[in-house]
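Student: Next input, structure requested:
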Amino acid sequence: MACKHLHMINPVTPNSQGCIDCLATGGVWKNLRMCLTCGYVGCCDSSPNKHASRHFRESGHPIFQSIQPGEDWRWCYLDKEFV
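Tutor: Modelled structure (predicted):
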């Protein structure tokens, strides 16, 4: 099944050097994900607060990219697949 949401990818830059919500609240994260619709940077689902998933649920922006050094993958939350 091919992702049907690639049209929602925009040329974005990260809006933060870390999880923007964890930085605001003093939280911690394991890995970072960037929304490819708006540039939001949030923590992954292995992190306590799962801000990237929360951003997806609240915004509807489906495709995130890992911004960890050495990682180069994208995930569509709606299609539940790598893109």
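Student: next structured bit after the longest helix seen in the chain?
Tutor: Secondary structure of the chain per DSSP state H: the longest helix is helix 51-59. Per DSSP states H and E, the first helix or strand lying C-terminal to helix 51-59 is strand 63-66.
Student: May I see the buried residues of that following strand?
Tutor: Neighbour counts over strand 63-66 (16 or more other CB atoms under 10 Å) mark 63-66 as buried. Quick note: C-beta positions are derived from backbone N, CA and C, even for glycine.
Student: wait, which of those is closest to residue 32?
Tutor: For those, the residue nearest residue 32 by CB to CB is residue 66; the value is 7.4 Å.
Student: which residues does that closest one contact?
Tutor: 31-33, 44, 72-75 (CB atoms under 8 Å, 6 or more residues apart in numbering).
Student: From residue 26, how far out is it?
Tutor: Per CB to CB, to the nearest Å, residue 66 is found 24 Å from residue 26.
Student: Which parts of this protein are strands?
Tutor: For the chain, applying DSSP state E gives strands covering 32-35, 41-43, 63-66, 74-76, 81-82.
Student: Give me the contact list for the last one.
Tutor: Strand 81-82 is contacted from outside by 1, 3, 73-76, using CB under 8 Å, 6+ apart.
Student: From those residues, list just the buried residues.
Tutor: For the contacts of strand 81-82, a burial check counting by 16+ other CB under 10 Å picks out 3, 74-76.
Student: where does the chain have its least confident helix or strand?
Tutor: The helix or strand of the chain with the poorest confidence is strand 81-82; it has a mean of 95 (mean pLDDT, DSSP states H and E).
Student: Give the pairing partners of that strand; include direction for each.
Tutor: Within its sheet, strand 81-82 is paired with strand 74-76 (antiparallel), according to DSSP bridges.
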